[in-house]
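> sequence and predicted structure, then a few things I'm wondering about:
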Amino acid sequence: MLHPVRMSPEAGPDLVQAKRALRAAATAVRNQLIDRLSESSLAVAGKVLATVEIPERAIVAAYWPMGSEIDPRPLMDKLAKAGNPICLPVVVGPDTGLIFRRWSPGDPLVPAGFGIKEPEPSAPEMLPDLFLVPMLAFDRRGYRLGYGGGFYDRTLQAARAERQVLAVGIALAEQEMPEVPADAHDQQLDMIVTDRDTIRI
């Protein structure tokens with residue numbers, strides 16, 4: 001488990017700095033576990049399929065993995081074979097939410113900067129029912145630590161205002177910490193699935 005970042009009594013305005021420090025520590029921890037990433041990704045896929053109720057034909061938003069992130073591709077393959085449409089995130093601007101475009105195993109992807117790959121612009125846009133969310137750290141309240149852009153927070157806030165969706169964070173068990181620094185803009189996950197456990201918020 002990750003140790004919490006200790007904050008001084010006047011740390012309220014310094015939440016950004018606290019998160020920045022935690023991101024560095026969380027990235028280091030995750031990178032140390034990369035040797036078992038393939039095994040852990042398969043374990044996460046199995047736990048999601050066994051413990052998350054995914055309606056037939058529900059549209060699933062996943063992501064293309066970078067570095068030491070849990071690899072959702074084994075899960076994406078199984079869901080696609082089961083008939084669930086898959087889509088991947090597309091960044092449209094620095095201060096907006098994500099959009100999601102249809103992707104099927106084998107479809108081409110295009111580079112989008114920062115090591116991210118996205119579906120081609122011609123791929124149709126979709127509204128996900130289930131979000132598989134990457135993260136650097138999480139706590140059992142459902143708060144996650146992302147990469148600092150706020151994309152998933154804005155995306156989930158907008159989606160939840162329009163329709164019922166399910167946000168499931170996927171991670172290694174070692175990415176858990178007692179409490180992730182959070183404010184009113186941070187969206188809680190509905191569930192977190194690790195290679196060892198399923199946490200329902």
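Everything's here; your move. Numbering: from 1, shown residues only.
> pull the longest helix from the chain.
Criterion DSSP state H: the longest helix present in the chain is helix 15-32.
> in that one, what's buried?
Ala18, Lys19, Leu22, Arg23, Ala25, Ala26, Thr27, Val29, Arg30 (16 or more other CB atoms under 10 Å). Where you see a C-beta, it was placed from the backbone N, CA and C, and this is true even at glycine.
> what packs against that helix?
strand 144-145 (3 or more CB pairs under 8 Å, 6 or more residues apart in numbering; DSSP states H and E).
> skip the chain neighbours and tell me the closest residue to Gly115.
Once flanking residues are discounted, Gly115 sits nearest to Met66: 5.0 Å by CB to CB, 6 or more residues apart in numbering.
> any idea how far Pro72 is from that neighbour?
Distance from Met66 to Pro72, counting by CB to CB, to the nearest Å: 12 Å.
> those two: which is more packed in?
Pro72 (24 against 13; other CB atoms under 10 Å).
> now for whatever helix or strand Ala50 lives in, which elements pack on it?
For Ala50, the element it lies in under DSSP states H and E is helix 37-51. Packing partners of helix 37-51 (3+ CB pairs under 8 Å, 6+ apart): helix 73-81, strand 166-171, strand 191-194.
> what lines up beside the second one in the sheet?
I take that to be strand 166-171. strand 130-133 (parallel), strand 191-194 (parallel) (DSSP bridges).
> helix or strand right after the last one?
Once strand 191-194 ends, the next helix or strand along the chain (criterion: DSSP H and E) is strand 198-200.
> and stretch 185-201, how far out from the chain middle?
Taking CA atoms, centre = their mean, to the nearest Å, one finds stretch 185-201 lying 10 Å from the centre of the chain it belongs to.
> before we move on, what about stretch 18-33?
16 Å.
> kindly export it (C-alpha atoms) in PDB.
In PDB, the C-alpha atoms belonging to stretch 18-33 read as follows (Å, rounded to 0.1, in the frame of the first residue of the first chain):
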ATOM      1  CA  ALA A  18       0.300  17.300  -2.600                       C
ATOM      2  CA  LYS A  19      -1.100  15.400  -5.600                       C
ATOM      3  CA  ARG A  20       2.100  16.100  -7.600                       C
ATOM      4  CA  ALA A  21       4.200  14.600  -4.900                       C
ATOM      5  CA  LEU A  22       1.900  11.600  -4.600                       C
ATOM      6  CA  ARG A  23       2.000  11.100  -8.400                       C
ATOM      7  CA  ALA A  24       5.800  10.800  -8.400                       C
ATOM      8  CA  ALA A  25       5.700   8.200  -5.500                       C
ATOM      9  CA  ALA A  26       2.800   6.300  -7.100                       C
ATOM     10  CA  THR A  27       4.500   6.100 -10.500                       C
ATOM     11  CA  ALA A  28       7.700   4.800  -8.900                       C
ATOM     12  CA  VAL A  29       5.700   2.100  -7.000                       C
ATOM     13  CA  ARG A  30       3.800   1.000 -10.100                       C
ATOM     14  CA  ASN A  31       7.000   0.900 -12.300                       C
ATOM     15  CA  GLN A  32       8.600  -1.400  -9.800                       C
ATOM     16  CA  LEU A  33       5.800  -4.000 -10.400                       C
END
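> if you count neighbours, what's buried in the strand or helix carrying Ala158?
Using DSSP H and E, Ala158 falls within helix 151-162. Using 16+ other CB under 10 Å as the test for burial, helix 151-162 gives Phe151, Tyr152, Asp153, Arg154, Thr155, Leu156, Ala159.
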